[in-house]
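Engineer: here are the coordinates; sequence isn't available:
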């Protein structure tokens, strides 16, 4: 409550607050993007995504995308490496460690790459049956736009990620568990969920900002 009120004090210096979501259900942000009372006019501009959806052949059963601060990023990587060590289907693990050139190694059915950006990341997600990632809001919007089934593992100590993961799991839009609870058996939950996509309009990331470009 306190942090929300402080943010609104800063935001009300402007004429309008843009929220990347939809005002009514179905939406993705829940209470995070929908206040009972706001100090400033709120405009819902729809879900945003930097990616394009393509009809790609499935190359990976799972793609796990790591992100966020250490040591939690590294702890999750260690858990995933252990669980997928002898997995019988192709898996891509994107470490989320951006330094030097992007390079990969393969161990059985597990391909490990330090990072992917832009079009290469888009291609990897489009060619994956399921996605494992943190429950950050940008990631959720991207996966919803691409119509992917997702297993969300919130970063420990980040309540916004924990809230989003639990809400989407409760709504049957994604599967989730706490980081320390993850095992391959947890992935069975994906059989009970739909994808993150909702029957609403999506926007390309640049479209809401076209007015700043004189378009």
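Structural biologist: Arrived safely, thanks for sending. The model shown is predicted, which means the values in this text are computed figures rather than measured ones.
Engineer: quick one, helices of this structure?
Structural biologist: Taking DSSP state H as the criterion, the chain carries its helices at 2-11, 72-83, 118-126, 137-146, 159-170.
Engineer: what ranges does the protein have for its strands?
Structural biologist: When secondary structure is read from DSSP state E, the chain shows strands at 17-19, 42-44, 47-49, 60-65, 91-94, 104-107, 110-113, 128-133, 149-152, 175-176, 202-204.
Engineer: what lines up beside the second one in the sheet?
Structural biologist: Pairing partners of strand 42-44, with direction, according to DSSP bridges: strand 17-19 (parallel).
Engineer: the partner strand: which residues count as buried?
Structural biologist: Burial within strand 17-19, assessed by neighbour count using 16 or more other CB atoms under 10 Å, is assigned to 17, 19. Every C-beta, even on glycine, is put in place using the N, C-alpha and C of the backbone.
Engineer: do stretch 91-102 as well
Structural biologist: Within stretch 91-102, the residues that count as buried by 16+ other CB under 10 Å are 91-96.
Engineer: nearest to residue 64, of those?
Structural biologist: Ranked by distance to residue 64 (CB to CB), those are led by residue 93 at 4.9 Å.
Engineer: surely that closest one is in contact with residue 113?
Structural biologist: Yes: the pair residue 93 and residue 113 qualifies as a contact (CB atoms under 8 Å) at a distance of 7.3 Å.
Engineer: what residue is smack in the middle of the chain?
Structural biologist: With distances taken as CA atoms, centre = their mean, the chain has residue 139 as the residue nearest its mean C-alpha position (2.3 Å).
Engineer: so what's that residue up against?
Structural biologist: Residue 139 makes contact with 65, 67, 133, according to CB atoms under 8 Å, 6 or more residues apart in numbering.
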